[in-house]
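[1] need coordinates for the following:
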Amino acid sequence: MADAEILVEVSDLHFSYGELPIFRGLSLKIPRGKVVAILGGSGSGKSTLLKLIGGQLDPSRGWVRVAGQLVHKLPTDELYALRRKMGMMFQVSGLFSDLSVYENIAFPIREHYNLPEELVRPLVLMKLDAVGLRGARDMMPSELSGGMARRVALARAIATDPLLAMYDEPFGGLDPISLNAIAQLIRKLNDALGLTSVVVTYDVSESLKLVDYLYVIAEGRLVGEGAPEELLDSEQPFLKQFLHALPDGPVRFHFPAPPLEAALRLNGPATPSAG
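    Residues are numbered from 1 along each chain as shown. All right, here's what the predicted structure looks like:
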């Protein structure tokens, strides 16, 4: 792909939380106008990657470039200006509990743009209508179902017509109907608004129906990439196990530890309880 076609580029990315390494040389490219999924197991660094793209964290090595700008090298005012071109749907919706649905959507518009209220109102209503919740504008977050809260969070993520929309585990905890509705909305809004969308998730089946391209990460590195149908046919052991949810393969259930027998001998016999 030509550079002009790439919105997000990650190159030789290294990052650790203290002594715990998260990325060990991750590289990937996200083209403009596409829906791209970042797949990986729990703890593989998917949410951390979004924070690095948004400039909340700095890499220890390598770099992240968004719209041609090195994110971690930007001065504060330029970083904030770049963030205004990003929309974020948080893992747990992240709605302001004391604000109505309408006010939650209006918040980023008012925060970033000095618009009169007569312009804010139609923008909010159009975004709510796009996710089917214009009639819920006066409800409070505590009154929403899980699926409704996710749709409001989605509307807020695209409230300012961002260049890049990022979705952190958008399908977690949803019933099948709500899950399918959210997936279709992400695809529909991406195409209708000309966005570029990054979906980080461990929900393989829904991602395969939604996205144009997949990246799979494990142990801090990229282990596979391609169109959904290409990766489904892969015989690479990790990809085959992960994408088809197979119990046997390189991914083990147990976290590395000494044999149980050795641990029990080390601790000695249990002390009988008094009485």
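[2] which ones are touching residue 34?
    190, 196-197, 211-213 (CB atoms under 8 Å, 6 or more residues apart in numbering). To be clear about C-beta, it is placed using only N, CA and C from the backbone, and glycine gets the same treatment.
[3] run the last query once more with 10 Å
    Residues near residue 34 by CB atoms under 10 Å, 6 or more residues apart in numbering: 5, 7, 190-191, 195-198, 211-213.
[4] my read: residue 104 touches residue 96, true?
    Yes. Counting by CB atoms under 10 Å, residue 104 touches residue 96, with 5.6 Å between them.
[5] who has more neighbours, these two?
    The neighbour count for residue 104 versus residue 96, taken as other CB atoms under 10 Å, is higher for residue 104 (26 against 12).
[6] how close does that one sit to residue 147?
    Distance of residue 104 to residue 147, given as CB to CB, to the nearest Å: 16 Å.
[7] again with residue 141
    With CB to CB as the criterion, residue 141 and residue 147 are 13 Å apart.
[8] could I get the full set of helices for the protein?
    Remark: helices assigned in the chain by DSSP state H are 46-53, 76-83, 101-112, 117-130, 146-157, 176-193, 204-210, 228-232, 237-243, 260-267.
[9] overlap in contacts of residue 104 and residue 96?
    Joint contacts of residue 104 and residue 96 (CB under 10 Å, 6+ apart) are 140-141, 156.
[10] who touches the residue nearest to the spatial centre of the chain in this structure?
    Nearest to the mean C-alpha position of the chain, by CA atoms, centre = their mean, lies residue 168 at 2.6 Å. Going by CB under 10 Å, 6+ apart, residue 168 touches 46-47, 49-51, 88-92, 94, 153, 157, 198-201.
[11] phi, psi of the closest residue to residue 112 other than its chain neighbours?
    Once flanking residues are discounted, residue 112 sits nearest to residue 84: 5.0 Å by CB to CB, 6 or more residues apart in numbering. Phi and psi for residue 84, reported as degrees, to the nearest 10, are phi -70, psi -20.
[12] thank you, goodbye.
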